[in-house]
Each structure stands twice: as structure tokens, then as C-alpha cells.
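A.B. asks: Provided below are the primary sequence and the corresponding predicted coordinates.
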Amino acid sequence: MTKSHSLDSLTAEHFRGIEGTRFQASHQTAEGSQSASAEIELVNVSEFPENAAGTFRKPFSLVFHGPVDKVLPQGIHRLEHEQLGVLEVFMVPIGPDEPSAPGEAAKAMRYEAVFG
């Protein structure tokens, strides 16, 4: 995996064709050591209105699912993907997914990355 993309050049279209695929995510501490890593799956790509003030592209967000028992912290994560290469992306944990039936436990922790 040698290629990587500038975050400024990415659009929602770069991610639409790879929904349902997995990324290896890792988080570095301020000191540079790896503090957490997990395999996460891209589950949703959403675009925002084009007329958002101050944006140079149509803003979009990505939602990922990861292990519910291993929560990655908010911050910049190194994402590695077979097609996209390596990306450094700011992600926020947004809580567990909704159980499919009452009384069931959540199956995934959700993370969001927003591109303006």
C-alpha cells in the first residue's frame, strides 16, 4: 500500500464505491507512540448542502463501525485502506449503533469524520 491522497483532494465520490469495506485505524499519542488500533468498516457516506459557507468542496461525512468493546479516542487517526492508501483523518466516536431489537446489545461503536 504505497499510494495516499491529500485530504484536500478527496470528495464523497472517493468513498461511495468503497462503502462496506474495512480500514485499519490507529491513533498516535502526542509523544508519537501508538495508543489504540482497530479494524473499522465504512458504513455511510453523506453529503451536505453545496452552499455551506467557506467550503472549497461539497462537504461530506463518513460513518464507520468498529468494535464496541475497543473504543478509539477522538482525534487524528491513521487510516489504511487497500484502494485509498494511507489517510490521516480526524474522527470522533459518536456512540454505539442502534440495536436491531429491544433488549439486544449494540454490535458496533460508530465513528464520524467530517470533510468541509
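C.D. replies: In hand now; what should we look at? Because the structure is predicted, anything quoted here is derived from the model rather than measured.
A.B. asks: rest of the way, CA atoms for contacts and neighbours
C.D. replies: OK.
A.B. asks: May I see the buried residues of the helix or strand containing A36?
C.D. replies: Taking DSSP states H and E as the definition, A36 sits inside strand 34-47. By neighbour count on 16 or more other C-alpha atoms under 10 Å, the buried set for strand 34-47 is 37-38, 40-45, 47.
A.B. asks: Now do it, average pLDDT.
C.D. replies: On average, the pLDDT along strand 34-47 is 91.
A.B. asks: Contacts for the helix or strand following that strand, please.
C.D. replies: Downstream of strand 34-47, the next assigned helix or strand under DSSP H and E is strand 60-66. When contacts are defined by C-alpha atoms under 8 Å, 6 or more residues apart in numbering, strand 60-66 is touched by residues 11-12, 38-48, 108-116.
A.B. asks: who's I40 bridged to?
C.D. replies: I40 has these beta-bridge partners by DSSP bridges: F23.
A.B. asks: sorry, that was for V86
C.D. replies: Residues in beta-bridge contact with V86 (DSSP bridges): S4, E80.
A.B. asks: so it makes contact with E80?
C.D. replies: Yes. Using C-alpha atoms under 8 Å, V86 makes contact with E80 at a distance of 4.5 Å.
A.B. asks: Test for you: state the pLDDT assigned to E50.
C.D. replies: If you check E50, the pLDDT there is 68.
A.B. asks: got it, and A106?
C.D. replies: Predicted confidence (pLDDT) for A106: 90.
A.B. asks: Can you tell me how far it is from F90?
C.D. replies: For A106, the distance to F90 equals 24 Å [C-alpha to C-alpha, to the nearest Å].
A.B. asks: what stretches of this structure score poorly on pLDDT?
C.D. replies: Within the chain, the ranges that satisfy pLDDT under 70 run 1-5, 29-34, 50-56.
A.B. asks: change it to 90
C.D. replies: For the chain, the stretches with pLDDT under 90 are 1-9, 27-36, 48-59, 70, 98-103, 116.
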